[in-house]
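**Student:** this one's sequence-less:
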């Protein structure tokens, strides 16, 4: 099966909401387990322009905010639905979402 890894960052308070959205769209499932993901903490940096509407931070200033990184996966055929669900649940005006193809273990 062709799979992709999907990665984003967001405030800790929004992690469960986004994980629920991912699971609801079919992402993060292994056998009889749902909501499968790896999370880790870090710091996100950004500088909003005068036209931005930032969820946190100050316009015109470089901001550093604590964030949680979510790494999860899904079948490639479900990737569009999972990303759409993540965007709908994500609090940021412009969330960064990475979609990376994964190698199939059977082909190694």
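**Tutor:** That came through, no problem. Keep in mind that this is a model prediction, so the values were computed, not measured. Numbers count the residues shown, from 1 in each chain.

**Student:** going forward, measure contacts between C-alpha atoms and count neighbours the same way
**Tutor:** Noted.

**Student:** tell me the buried residues in the longest strand seen in the chain?
**Tutor:** As assigned by DSSP state E, the longest strand anywhere in the chain is strand 63-75. Across strand 63-75, burial judged by 16 or more other CA atoms under 10 Å covers 67-75.

**Student:** stretch 3-22 now?
**Tutor:** 3-11, 15, 18-22.

**Student:** from these, which two are the most distant?
**Tutor:** Distance extremes for these: the farthest pair is 3 and 11 at 26.3 Å, using CA to CA.

**Student:** show me what contacts residue 60?
**Tutor:** 47-50 (CA atoms under 8 Å, 6 or more residues apart in numbering).

**Student:** do the same with residue 72
**Tutor:** Each residue near residue 72 by CA under 8 Å, 6+ apart is listed here: 5-7, 27-28, 36-38.

**Student:** same thing but at 7 Å, please
**Tutor:** Residue 72 is in contact with 5-7, 28, 36-38, counting by CA atoms under 7 Å, 6 or more residues apart in numbering.

**Student:** how about these in a markdown table, adding pLDDT, distance to residue 98 and secondary structure?
**Tutor:** Below are the contacts of residue 72 laid out as a markdown table (pLDDT from 0 to 100; distance: CA to CA, whole Å; DSSP: H, G, I helix; E, B strand; the rest coil):
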| residue | pLDDT | distance to residue 98 | secondary structure |
| --- | --- | --- | --- |
| 5 | 98 | 8 | strand |
| 6 | 98 | 6 | strand |
| 7 | 98 | 5 | strand |
| 28 | 98 | 15 | coil |
| 36 | 98 | 17 | coil |
| 37 | 98 | 14 | coil |
| 38 | 98 | 14 | strand |
